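1. Next comes the sequence, and after it the predicted model I'd like to discuss.
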Amino acid sequence: MQQLLEFIANHPFLWSAVAAVIAALIANEIWRSLRGDRPLPPSDAVRLINSRDAVVVDVRSAGDFKKGHLLNAINIPLAGITERANEISKNKECTILCYCAMGSTSQQACQRLQKLGYSHVHSLKGGINGWQAAGLPITRK
């Protein structure tokens, strides 16, 4: 313990940087949870689809969509999400579930849709890879 305290005393800038990074991570997690931006795990996404008739939006490329997607998903790549948002629903109160390959691109799509006024937009945690890892089916039709 004495050596740790001595190390901290000898390297104050290093420990200040570590403390700042930890504080930033904690603040980011608190901010995301307050905003409701937490991606939904596959089990919650299934409940959302079944109970709220969520519109499922695949934001991957058309080629990836053809290789396999969630049942009844519509394909609107991220680059065209703003221009093609009216294809999702004209009702801004509808529930929307966006997904991509691994979960990060769909969060960007959710942010864009929220800026357009859609209030119930969710991202699938882990994307289609997380969906398949949970043992849930995809279709090629």
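-> That came in fine, so what should we check first?

2. where does this protein have low pLDDT?
-> Residue ranges of the chain with pLDDT under 70: 32-37.

3. C-terminal to the longest helix anywhere in the chain, what's the next element?
-> Assignment by DSSP state H gives helix 12-35 as the longest helix of the chain. Counting by DSSP states H and E, the next helix or strand C-terminal to helix 12-35 is helix 42-52.

4. Give me the sheet partners of the following helix or strand past that next one and which way each runs.
-> Downstream of helix 42-52, the next assigned helix or strand under DSSP H and E is strand 55-58. When sheet partners are counted by DSSP bridges, strand 55-58 sits next to strand 74-75 (parallel), strand 95-99 (parallel).

5. which SS state does H122 fall under?
-> strand (DSSP: H, G, I helix; E, B strand; the rest coil).

6. Now do the same contact list for it.
-> P39, L40, A45, L48, A54, T95, I96, L97, C98, C110 (CB atoms under 8 Å, 6 or more residues apart in numbering). All C-beta atoms are positioned from the backbone trio N, CA, C, and that covers glycine.
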